[in-house]
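> just need the structure, nothing else, for what follows:
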Amino acid sequence: MKHATSKDYQEIKNVFDRWIEAASNRNVDAIMELYHDDICSYDAVGPLQINGRADYYAHWQSCIPDQGDMIFQSQEPVIRASGHLAVAHFLIRCGIRNPDGSEQASWMRATSHLEKQGGHWRIMHEHFSVPFDCDSGEAQFGLEP
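I've put the predicted structure just below:
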């Protein structure tokens, strides 16, 4: 796989920009427009694996809190593409800003596999993870890029 052409790079980056905007606005329908029908997600929030649009839609609905501002901040993705397939990886900060101003957010690692169908890039697989300390087994939510 090679570095994405500027056109592919911009189209794929646009997918992630739209994702950030839709997730920040709690717009599950707009989020789902960016996904392939056969989405397989390994989200940082359980369950262990989510397969298919219907289950992923329900997962998003269950994860969005009723109060507070959503926090989604992404570093520039590294994108490689060949033909109709692409892979991207980046760091992303996800969480919520509570009504009192406190935050529950952390940086995570993200990897996405995209497929181009009908002229549009769609996320077919994604994996979000939080590093953990090998000695204690605890997630390392305080790490910064």
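> who touches stretch 100-112?
Contact partners of stretch 100-112, identified using Cβ atoms under 8 Å, 6 or more residues apart in numbering, comprise 16, 44, 71, 74, 87-98, 123, 125-131, 141-145. In this view, the C-beta of every residue, glycine as well, is placed from N, C-alpha and C.
> whichever of those end up buried, select them in PyMOL.
Burial among those is assessed by 16 or more other Cβ atoms under 10 Å; the matching PyMOL selection reads:
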select buried, resi 16+44+71+74+87+88+90+91+92+93+94+95+96+123+125+126+127+128
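> now, the contacts of stretch 100-112 that are in helices?
F16 (DSSP state H).
> now do E33 against A22, distance only.
8 Å (Cβ to Cβ, to the nearest Å).
> of the two, which one has the most company?
With neighbours defined as other Cβ atoms under 10 Å, E33 and A22 compare such that A22 has more, 19 against 14.
> wait, what's in contact with the nearest residue to that one once chain neighbours are set aside?
With Cβ to Cβ, 6 or more residues apart in numbering as the criterion, A22 has its nearest non-adjacent residue at 3.7 Å, and that residue is A30. Each residue near A30 by Cβ under 8 Å, 6+ apart is listed here: 18, 21-22.
> and A30, its phi and psi?
Here the main-chain torsion angles of A30 (degrees, to the nearest 10) amount to phi -70, psi -40.
> equivalent analysis for F141, please.
phi -70, psi -20.
> what pairs with the longest strand anywhere in the chain, parallel or antiparallel?
In terms of residue count, the longest strand belonging to the chain (DSSP state E) is strand 103-117. Taking DSSP bridges as the criterion, strand 103-117 sits next to strand 85-97 (antiparallel), strand 120-129 (antiparallel) in its sheet.
> using CSV, write out the CA atom coordinates for it.
The C-alpha trace of strand 103-117 is given here as CSV (Å, rounded to 0.1, in the frame of the first residue of the first chain):
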residue,chain,number,x,y,z
GLU,A,103,-13.8,16.7,31.6
GLN,A,104,-13.8,12.9,31.3
ALA,A,105,-11.6,12.5,28.2
SER,A,106,-8.4,10.8,27.1
TRP,A,107,-6.2,10.3,24.1
MET,A,108,-6.6,7.0,22.3
ARG,A,109,-5.1,5.2,19.4
ALA,A,110,-7.3,4.8,16.3
THR,A,111,-6.9,2.7,13.1
SER,A,112,-9.4,2.6,10.3
HIS,A,113,-9.7,0.5,7.1
LEU,A,114,-11.8,2.1,4.4
GLU,A,115,-13.2,0.9,1.2
LYS,A,116,-14.3,3.0,-1.8
GLN,A,117,-17.7,2.1,-3.1
